[in-house]
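In: The sequence and its predicted three-dimensional model are supplied below.
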Amino acid sequence: MTEVVIVEDAEVAGRLAADMIEHLVRRNPCAVLGLATGSTPLTTYRSLAQRDLDFSRVRAFALDEYVGLEPGHPQSYRAVIDREVVATLGLDPAMVRVPGDDGVLDAALDGPLEAALEAAADRYERAIETAGGIDLQILGIGANGHIGFNEPGSSLASPTRVKALTRQTREDNARFFASVDEVPRHCITQGLGTILRARHLVLLAFGDRKADAVAAAIEGAVSSSTPGSVVQLHPRVTAIVDEAAASRLR
Ligand code: F6R
């Protein structure tokens, strides 16, 4: 079931999502979190950073990572998560995983490397299982309806795997790079099936650029052309959106 909470702005949404994470971590100090990157979850992470909460035994898995950035690149999702989450909340860096962080990401994608990346994706999927699965998964949504980097056309049951990024997603993310040409063309992303196995999905979206994607995900047909629509197959989803992102909901 999807509960939709419409709030005035991203700050209020971040506080609400942070309340849910706080509740979980107080109940279970060894909780497993699923972390989104991009702009949307920042108010959540910043609200958490202001609370007196012990994250030292919390484990976390990032949703996705670019392929092809040099190690330590400031826009790699490993670096973003280290900066915005690990350092500010006091997680143990060894307990925070990012797809491909076992050493295969820092090269361009070609034949033999693709097999190594797919093997890393399989290992990531198994690492999530071994951790007991994700308790709470934070999700943003792309203007084209992607969640994680599951672009339109992704199988609804997909596992963690290598994907090509669409031109639109690369253009949307060019704001973090000097130009769109620097945005990687490939990524490793948790699949839609992986995301569906998390026990609670918290989907955040702000601004009118997300309004069509939010309406299609929450109220449209469940279809691989709107990857976010898989949330309708999940028993526990909280969508926290501002009024602009909610404006096309009926
Ligand atoms: C990021 C991710 C993506 C983003 C989406 C929205 O880890 O998986 O699905 O959540 O592209 O990005 P922002 O929040 O920057 O609008």
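Out: Happy to help now that I have it.
In: Give the buried residues for the helix or strand bottoming out on mean pLDDT in the chain.
Out: Least confident helix or strand, the chain: helix 111-130 with a mean of 90, by mean pLDDT, DSSP states H and E. By neighbour count on 16 or more other CB atoms under 10 Å, the buried set for helix 111-130 is L113, L117, A120, A121, R123, Y124, E125, A127, I128. C-beta here means a position set from N, CA and C on the backbone, and glycine is covered the same way.
In: And the helices in the protein?
Out: 10-27, 42-49, 77-81, 87-89, 111-130, 167-173, 192-197, 211-219 (DSSP state H).
In: helices or strands up against the shortest one?
Out: Meaning helix 87-89. In terms of contacts (3 or more CB pairs under 8 Å, 6 or more residues apart in numbering; DSSP states H and E), helix 87-89 is packed against helix 42-49.
In: tell me the contacts of the residue most central in space within the chain?
Out: Nearest residue to the geometric centre of the chain (CA atoms, centre = their mean): A36, 2.8 Å. By CB atoms under 8 Å, 6 or more residues apart in numbering, the residues touching A36 are A62, L63, Q137, I138, L139, G140, G148, L204.
In: how much space between it and the ligand?
Out: Separation of A36 from the ligand (CB to the nearest ligand atom, to the nearest Å) stands at 4 Å.
In: what's the span of stretch 209-226 from first residue to last?
Out: Stretch 209-226 stretches 15 Å from its first residue to its last (CA to CA, to the nearest Å).
In: what phi and what psi does the backbone show at the closest residue to R199 other than its chain neighbours?
Out: Spatial nearest neighbour of R199, excluding adjacent residues (CB to CB, 6 or more residues apart in numbering): D135 at 5.3 Å. Dihedral angles of D135 (phi, psi; degrees, to the nearest 10) stand at phi -80, psi -50.
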